[in-house]
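Trainee: Structure, please.
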Amino acid sequence: MVVDKTHYDVLGVDENATQEHIISAFRQKSREHHPDRGGTHDMMQKINAAKEVLTDPKKRAIYDRYGSEGPPSGMAPGNPTDFSGFSSGFPDIFDFITRGASGREPTRASKGSDIKHNLQVSLEELYSGHTKKISVPREVICAACDGTGSVDRINHDCTACKGQGVENLIFRTGPFIQQSQRSCSFCSGQGTRVDAKNRCKICHGNKLVRQEKILDVDISPGSPDRGAIKFIGEGNQIPKGENGSLYVVLRQEPHAIFERIGDNLMMNLKINLSESLCGFQHIATLLDGHKIRINHPPGKPILPKSYRCIKGQGMPNRHTHSYGDLFIYFDVEFPGENFIKNESQLKQLEASLPPKKLVTLNSTETYEEAEMIASEPPPNNSQQQQQRFENGHHYHRTEYNDDEGTNGHPQTIPCEPQ
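Mentor: Residues are numbered from 1 along each chain as shown. Below is the predicted model:
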């Protein structure tokens, strides 16, 4: 039988209420009696004390048996030892509990939060360097109230926590007095609180206002994609604390011609079979606008899907001030069907190319004529198997993998020896 129903009455539950019912009732009562809604601090203390006891099975059992006064004559249940003078030798015990076991006062945020701002930049800007102007929204201390939130520009201590930013919950279980601590629910742990009638008309008591910060961002030649430029103290502000920092993250836009791989550049170049076999010239415009003439001599065929490299025509390195290389990936375009008009042209072409492999037919055997037509790979045939057939079983190409630096182009590697 419950001898004292005070805690139950405060929460509006009966003595058989479950933990879930008690917690639900606690939340409802906290909302109803919150000082911001016309409630009192004393009532909130009673609600918190009731919740602390009734949600702890051991404390609840002692309370149900002995009530708020605890066991008679100050005796703990089942223990004949007298605890009536227990706290007399510990004058600082509550100060210790208030500070916590570490002995330190509860700390509040001493620095504003950092801001991350993405900045879209072109590959040309990363190549040559550039200065861009940006506008970044951030929180700054309200100038109208000097960050106090009050029209009189004075910091008013929270009446609930006395400016400490924490509230102590004290309750008694039998002969024991226990205390717990949490962030003050009236000032959100700030230690200051402004009445509605005295709140600043600009920040509405929040102490901070939203403001756009205009900055010039200097992009060094060779800056990396996703590289961050730090602006110390240009992040969010807080009253009586250090400003946060602003991190501007460079985000490289796709380029129509070049792809970047570290300090190197990659470009695709489509040539025809005649250029592959007989040589060619090509004019390329680089990222800073200057032009280069690419010469390839005749008699050195360029294979389809092969690479050539031009040293020193890649991206600048911002640390060493040297340049990476320019890699060219070749797409060799073969002529269409019936491009040879007559027998004479065919014989001239055959004379210019290595001799064909001759096939000897056995006169004692019969051969069926077979005609090849254009076709796609057979169904369910893996890409790797098809690539091995295309390359005569000598090479296979790996799948695209950005982490390995192929940058969307096939990579040829020798097959393992059989």
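
Trainee: Packing partners of the helix or strand harbouring residue 116?
Mentor: Per DSSP states H and E, residue 116 falls inside strand 115-121. Packed against strand 115-121, as judged by 3 or more CB pairs under 8 Å, 6 or more residues apart in numbering; DSSP states H and E, are the following elements: strand 130-141, strand 246-252. Where C-beta positions appear, they are placed from N, C-alpha and C, glycine not excepted.

Trainee: try it again with 6 Å
Mentor: Contacts defined by 3 or more CB pairs under 6 Å, 6 or more residues apart in numbering; DSSP states H and E place strand 115-121 against strand 246-252.

Trainee: between the strand it packs on and strand 130-141, how big is the angle?
Mentor: Taking axes from the mean of the first three to the mean of the last three CA atoms, to 10 degrees, one finds that strand 246-252 is oriented at 150 degrees with respect to strand 130-141.

Trainee: For strand 246-252, output the C-alpha coordinates as PDB.
Mentor: The C-alpha trace of strand 246-252 is given here as PDB (Å, rounded to 0.1, in the frame of the first residue of the first chain):
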ATOM      1  CA  LEU A 246      34.600  29.900 -42.800                       C
ATOM      2  CA  TYR A 247      35.800  27.100 -45.200                       C
ATOM      3  CA  VAL A 248      35.400  27.800 -48.900                       C
ATOM      4  CA  VAL A 249      35.400  24.500 -50.700                       C
ATOM      5  CA  LEU A 250      36.400  24.700 -54.400                       C
ATOM      6  CA  ARG A 251      34.100  22.500 -56.600                       C
ATOM      7  CA  GLN A 252      35.500  22.100 -60.200                       C
END
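
Trainee: quick one: it to strand 115-121, angle?
Mentor: Between the axes of strand 246-252 and strand 115-121, defined by the same axes, to 10 degrees, the angle is 30 degrees.

Trainee: Need the contact partners of strand 246-252.
Mentor: Counting contacts by CB atoms under 6 Å, 6 or more residues apart in numbering, the residues outside strand 246-252 that touch it are 115-121, 217, 223, 225, 227-231, 234-235.

Trainee: if you set the cut-off to 8 Å instead, what comes out?
Mentor: Strand 246-252 is touched from outside by 114-123, 126, 134, 136, 138, 213, 215, 217, 219, 223-231, 234-235, 260, with contacts defined as CB atoms under 8 Å, 6 or more residues apart in numbering.

Trainee: What separation is there between residue 238 and residue 138?
Mentor: Residue 238 sits 12 Å away from residue 138, taking CB to CB, to the nearest Å as the criterion.
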